[in-house]
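# here's a sequence, model it:
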Amino acid sequence: MQRYAILLLSVIVLAAVAIVYFSGTKDHLRGEMLTVSLEPVIEGKDLEKAMAAKAILGNYTETRQIAALWSGLYWGFAWAAAVLGALSGLVLKLESLIADEKVKKDIAALFTVAAAIMITVSTGGDFQRKWQANRAAAADIEHLGYEFLGKRGENPTQYYEKLSEILLRRHMSILGTSDKQSHLPSQTENAGGSQGK
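Below you'll find the model as predicted:
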């Protein structure tokens, strides 16, 4: 019974370390130079440029954080499942580790079930697709930020439409579809909706 408690405590400690690590992802994200480059524009006197720069930077930071979290979940589950699967076989084979055959089989079974659940949750939850969709969107927003800086923020309102396209593409990727038209209200629906209000 004491061995089960130690095992459970180890899993809880590992989970807590992972949560603490990935909750602080904002402090160690790449893309710091984009932040440094956009901050003077955000703090500048041109309100239109400042708002566009703030929208780009805010969405970039948020998307990178989300990508880091999904990456952590995806790879964390994948590696934990691999380790637990290997440990389940190791527990059964090592004679000196645990003498009691019943306890050995119970621990091996728990490891195997935990590994299977992790793989099922990760696959069923599409963790990989969510991570990749957010990572691709972050790269697109970063590119947009440098385009904004390269053109000195000329015509800043155009960047809202480009940003909107990137975010919509991200959402469609997460949903597993590239058909964005089916998720956008048509102009006739908008007209009818505005008349109804």
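
# and stretch 42-52, how far out from the chain middle?
Between the mean C-alpha location of stretch 42-52 and the chain-wide mean there is a distance of 29 Å, by Cα atoms, centre = their mean, to the nearest Å.

# got it, and stretch 129-143?
Computed by Cα atoms, centre = their mean, the chain-centroid distance of stretch 129-143 equals 9 Å.

# what of stretch 161-171?
The chain centroid and the centroid of stretch 161-171 are separated by 17 Å under Cα atoms, centre = their mean.

# now that stretch: average pLDDT?
The average pLDDT within stretch 161-171 is 93.

# can you offset everything so residue one is 423?
From this message on, residue numbering opens at 423, which makes the last subject stretch 583-593.

# pull out the buried residues from that stretch.
Buried residues in stretch 583-593, counting neighbours by 16 or more other Cβ atoms under 10 Å, are found at 584, 585, 588, 589, 591, 592. C-betas here are computed from N, CA, C, even on glycine.

# with distance to residue 507 added, can I get these in TSV?
Listed next are the buried residues of stretch 583-593 as TSV, based on distance: Cβ to Cβ, whole Å:
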residue	distance to residue 507
584	45
585	42
588	38
589	38
591	36
592	33
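
# in helices only, show me those.
Judged by DSSP state H, the buried residues of stretch 583-593 include 584, 585, 588, 589, 591, 592 as members of helices.

# residue 472: which of the residues you listed is nearest?
Distance from residue 472 was checked for each of these by Cβ to Cβ. The minimum falls on residue 585, at 14.9 Å.

# need the phi and psi values for residue 465.
Residue 465 has phi and psi values of phi -90, psi 0 when expressed as degrees, to the nearest 10.

# surely residue 463 is in contact with residue 573?
No. The pair residue 463 and residue 573 fails to qualify as a contact (Cβ atoms under 8 Å) at a distance of 11.7 Å.

# what about the two, which has more around it?
Between residue 463 and residue 573, counting by other Cβ atoms under 10 Å, residue 463 is the more crowded of the two (22 against 12).

# pLDDT at the more buried one, what is it?
At residue 463 the predicted local distance difference test score is 86.

# how close does it sit to residue 494?
Counting by Cβ to Cβ, to the nearest Å, the gap between residue 463 and residue 494 amounts to 31 Å.

# and residue 481, by the same measure?
Applying Cβ to Cβ, one obtains 20 Å for the distance of residue 481 from residue 494.

# what is the least confident helix or strand in this protein?
Least confident helix or strand of the chain, by mean pLDDT, DSSP states H and E, is helix 609-618 with a mean of 44.

# what's the helix or strand for residue 474?
Assigned by DSSP states H and E, residue 474 belongs to helix 469-515.

# same question for that helix, mean pLDDT?
88.
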